[in-house]
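Undergrad: Pasted the sequence and its predicted model underneath.
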Amino acid sequence: MKVRVKLLSPSGDMPNGFDPFGEAEMDLAAGATVADIMSQIDLPKEESYTSLVDGQPVVPDHRAGHALRDGDEITLLPAIQGG
Amino acid sequence: MGGWQGKILRVNLTEGTVTPEKLNQEWAEQYLGQRGLASKYLYEEMDPSVDPLSPENKMIIGTGPLTGTMASTGGRWSVTTKGALTNAIASSNSGGYFGGELKMAGWDLIIFEGKSPKPVYLLIRDDDVQLLDAKEYWGQTVWVTEDAIRAKHQDPLIRVASIGRAGENLIRFACIMNDKDRAAGRSGVGAVMGSKNLKAIAVRGTAGVAVHDPARFLKIVQEMREKLDTHAARNRLARVGTHAMMDNTNAYGSLPTRNSRDVQFDGHDAVKVKTAHTPRRNDGNPNLISTKACFACSIGCGRIAKIDPDHYSVASEEAKIKYGNAIGGLEYESIFALAPMVGCNDLDAATYANALCNEDGMDPISLGGSISAAMELFEVGAITTEDTGGLELKFGNADAMTKVTEMIIAGEGIGADIGLGAQRLCEKYGHPEFAIVVKGQEIPGYDTRAMQGMGLAYATSSRGACHMRAAPFVDDFTHVRTDGKAEIVKNTQDVNAAKDNTGLCAFSGNAWDMNDYAAQIDAACGGGWDEARMLEVGERTYTLERQFNLRAGLTKEDDTLPDRFLKEAAKSGVAKGRVTELDKMLPEYYELRGWTKDGVPTNETLDRVGI
């Protein structure tokens, strides 16, 4: 299945597979979860990330159990401080 | 002793006297500096019930023990007074180079009292301090004033903090500006300065800042700089500034839009950070052309922008010269307030309005929140074109947004009413419910229906709606819930108060924990500083601010949110269908603070925190 991943506010260069605007299409095996996607992307370890699937939050405890479907849009955003 | 200079200046504007005094070292040990130490002086010396624009209000310029040192981000200074916008304690924090210069001139604090019979400015050259006639600068902008004072005294290294026409005209959300585009921005501290006929503080310092243990200090600040400079958050702030936050809040559904009627902005693509970095078709330049850093800062979140030369805001020859070249660029708070909050998808109009704020000293958050309130009043017919002089003050009308900004600064027409701030404006026009404020202060860029912790933070902030008094961001961006928020808000309020007292920038907190701050303070000041002692200072500061506000007449009833957040459900985003459930968080917060159910610190709490 194919899903679209949007990475907001990256801290440095885009991870492999992402276009300059922070978007990537990923080909996943059936049953892949939000946790699987996040483990495949090289995100900074010192920051926590929010995950949304089709605009709805998937909290950290539910990521490993949230199976994705073909066509899902996953948005990942760092929980940064404002100013 | 190191860190502190051990000296303060007392300036009686009524009498025209300047008196050096010894720093109260006992208070410095209890409150460190800046926000906390200045609040202690204010609390002990002044009746909190005074009118903020009366001569009886005092205004204290404060530095921290690390201001002016080589500690990374050690350029912060603050203004503590009773806020003209809020009638609560105000402590507005700024960066740039003014704070470091003041500290290097040998002064920890300046206490301004009374009201000068005529416009004056204070000139400090180390121990040589004079009150001088400011007649020639009154009526001038911040930008003109800074350059003119440097030219008059033939010293390009003089640093200036001043008010523009907004502060002179007592606009309730006027700022004190320094270094052209840095601001002690919130709560109307610029109006307080204007009410005292004080135009500017100009300073040149050559004394330096001594530290307790130079070798240890050098080692720890180098370690801390390495830790900060390699952190992902520092990388992001340097690259894209705070503007990047808008991608997050828009995706999450916490981006205040059209006076908080909406939580996501359909015009986001036109004003997001990527657009600001993308070269334009007509001139090949992006909106953002460079970055800048404050004194001793190794982050560099400051932005430098250039307005599209074909944009209407720089059409005249005069405007082209003043605003058409490199100017201070947009931060998240200014772009949220001058774009989504007013429904405008015009990046250059927001950049222009922000430049006007820098030039004449206004808080862009409160400006946007006041204009958005006026736009809602216009849309329901409470304000008409008769009131606006023909302006169609509708959401999304960028031309009207910038024109009314010019009118606010000049105090003309409807601008004079909008310059009162959203609360006073909406009360005057019969719709107090349109004022999206807490304690009279317009909200920053976080809708509290998706970010429940921020709702509690706004409601309990000692200076009215504020995103810098607490830091519930991580949990708020992870869980739309009320559980656990009281503890997060209470703890981060104490942490942020401790940081605000040091002389360092809040953004260093992305990489440093309280042990890191304590290690730097201990090397600079000596005396055994650790995490626990720092947090005690933070809690003491927050509790003292509460005591000030209670004596000023504020009550539990002021610890609330606009009805829009409490009663109108979010239309979209992660919190679609939800309101802010403040009632589920506030009692627990009071209990954690050791306050009564009416929000009053108990005697046991006051004893415990040392008040």
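TA: Noted; the coordinates are in hand.

Undergrad: which ones are touching B:E487?
TA: Contacts for B:E487 (Cβ atoms under 8 Å, 6 or more residues apart in numbering or on different chains) come out as B:588, B:592. (C-beta placed from N, C-alpha, C; glycine too.)

Undergrad: Recalculate using a threshold of 10 Å.
TA: Going by Cβ atoms under 10 Å, 6 or more residues apart in numbering or on different chains, B:E487 touches B:453, B:475, B:585, B:588-589, B:592.

Undergrad: And for B:D522?
TA: B:D522 touches B:3, B:212-213, B:216-217, B:220, B:528-530, B:533-534, counting by Cβ under 10 Å, 6+ apart.

Undergrad: could you redo the last one with a cut-off of 7 Å?
TA: B:528-529 (Cβ atoms under 7 Å, 6 or more residues apart in numbering or on different chains).

Undergrad: where does it land in three-state SS?
TA: Judged by DSSP: H, G, I helix; E, B strand; the rest coil, the three-state class of B:D522 is helix.

Undergrad: Spell out which residues of the stretch 401-550 of chain B are next to chain A.
TA: Applying Cβ under 7 Å from any Cβ of the partner chain, we find that the stretch 401-550 of chain B lies next to chain A at B:445-446, B:467, B:471, B:473-474, B:477-480, B:506-507, B:510.

Undergrad: can you list the residues of chain B near chain A?
TA: B:231-233, B:235-236, B:242, B:244-245, B:247-248, B:251, B:274, B:331-332, B:445-446, B:467, B:471, B:473-474, B:477-480, B:506-507, B:510, B:574.

Undergrad: Let's see which of these end up in helices.
TA: If you go by DSSP state H, those have B:232-233, B:235-236, B:245, B:247-248, B:251, B:274, B:332, B:473-474 in helices.

Undergrad: Tell me which two in the residues you listed are the farthest apart.
TA: Between any two of these, the greatest separation by Cβ to Cβ is 23.9 Å, found for B:K274 and B:V474.

Undergrad: Please say which of those two ends up with more neighbours.
TA: For B:K274 versus B:V474, neighbours defined as other Cβ atoms under 10 Å in any protein chain shown are more numerous around B:V474 (19 against 15).

Undergrad: Excluding sequence neighbours, find me the nearest residue to residue 64.
TA: In the absence of a named chain, chain A is used. A:A35 (4.2 Å; Cβ to Cβ, 6 or more residues apart in numbering or on different chains).

Undergrad: right idea, wrong chain: chain B
TA: Using Cβ to Cβ, 6+ apart, the closest residue to B:G64 is B:G503 (2.7 Å).

Undergrad: Go ahead and confirm the one you found touches B:M70.
TA: No: using Cβ atoms under 7 Å, B:G503 makes no contact with B:M70, being 11.7 Å away.

Undergrad: Which one of the two is surrounded by more residues?
TA: The neighbour comparison of B:G503 against B:M70 (other Cβ under 10 Å) goes to B:G503, with 33 against 15.

Undergrad: ok, how many other residues are close to residue 23?
TA: Just going to use chain A. A:E23 has 14 neighbouring residues, counting by other Cβ under 10 Å.

Undergrad: Let me rephrase: I mean chain B.
TA: For B:L23, the number of neighbouring residues by other Cβ under 10 Å comes to 19.

Undergrad: Pull up the gap between it and B:W107, please.
TA: B:L23 is 9 Å from B:W107, where distance means Cβ to Cβ, to the nearest Å.

Undergrad: How about A:L7?
TA: In terms of Cβ to Cβ, A:L7 sits 47 Å off from B:W107.

Undergrad: same check, this time on B:D147
TA: According to Cβ to Cβ, B:D147 and B:W107 sit 24 Å apart.

Undergrad: Looking at those two, which is more packed in?
TA: Per other Cβ under 10 Å, whichever of B:D147 and B:W107 has more neighbours is B:W107, with 25 against 15.

Undergrad: Determine the three-state secondary structure at that one.
TA: coil.

Undergrad: you'd agree it is up against B:G6?
TA: No: using Cβ under 7 Å as the test, B:W107 is too far from B:G6 to be in contact (9.8 Å).

Undergrad: didn't B:D559 look like it was pressed against B:P587?
TA: No: with contact defined as Cβ under 7 Å, B:D559 does not reach B:P587; the gap is 10.9 Å.

Undergrad: who's more crowded, those two?
TA: Set side by side, B:D559 and B:P587 show more neighbours around B:D559, with 21 against 12, by other Cβ under 10 Å.

Undergrad: Show the contacting residues for that one.
TA: B:D559 neighbours (Cβ under 7 Å, 6+ apart): B:459-460, B:586, B:599.

Undergrad: if we can go back for a sec, can you check which residues contact both of B:L23 and B:W107?
TA: In contact with both B:L23 and B:W107: B:7-8, using Cβ under 7 Å, 6+ apart.

Undergrad: Roughly how far does B:V574 sit from B:V474?
TA: 15 Å.

Undergrad: quick one, helices of the stretch 251-400 of chain B?
TA: Secondary structure of the stretch 251-400 of chain B (DSSP state H, counting those that start in this stretch): helices located at B:268-271, B:273-277, B:317-323, B:332-338, B:347-360, B:364-379, B:385-388, B:398-410.

Undergrad: Output the ones you listed in CSV; the columns should cover mean pLDDT.
TA: Below are the helices of the stretch 251-400 of chain B laid out as CSV (pLDDT from 0 to 100):
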stretch, mean pLDDT
helix B:268-271, 97
helix B:273-277, 93
helix B:317-323, 95
helix B:332-338, 97
helix B:347-360, 98
helix B:364-379, 98
helix B:385-388, 97
helix B:398-410, 98
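
Undergrad: how many other residues sit next to the closest residue to B:S461 other than its chain neighbours?
TA: When the adjacent residues along the chain are set aside, B:S461 lies closest to B:R469, with 4.3 Å between them (Cβ to Cβ, 6+ apart). The number of residues packed near B:R469 is 22, by other Cβ under 10 Å.

Undergrad: got the contact list for B:R469?
TA: B:457, B:461-463, B:493, B:496.

Undergrad: what secondary structure does it sit in?
TA: Secondary structure, three-state DSSP: B:R469 is coil.

Undergrad: State the distance from it to chain A.
TA: Distance of B:R469 to chain A, given as Cβ to the nearest Cβ, to the nearest Å: 12 Å.

Undergrad: Can you check the pLDDT for A:G82?
TA: Listed pLDDT for A:G82 reads 68.

Undergrad: Can you list phi and psi of the residue sitting nearest the centre point of chain A for me?
TA: In chain A, the C-alpha nearest the mean C-alpha coordinate belongs to A:L76, at 4.2 Å (Cα atoms, centre = their mean). Phi and psi for A:L76, reported as degrees, to the nearest 10, are phi -120, psi 130.
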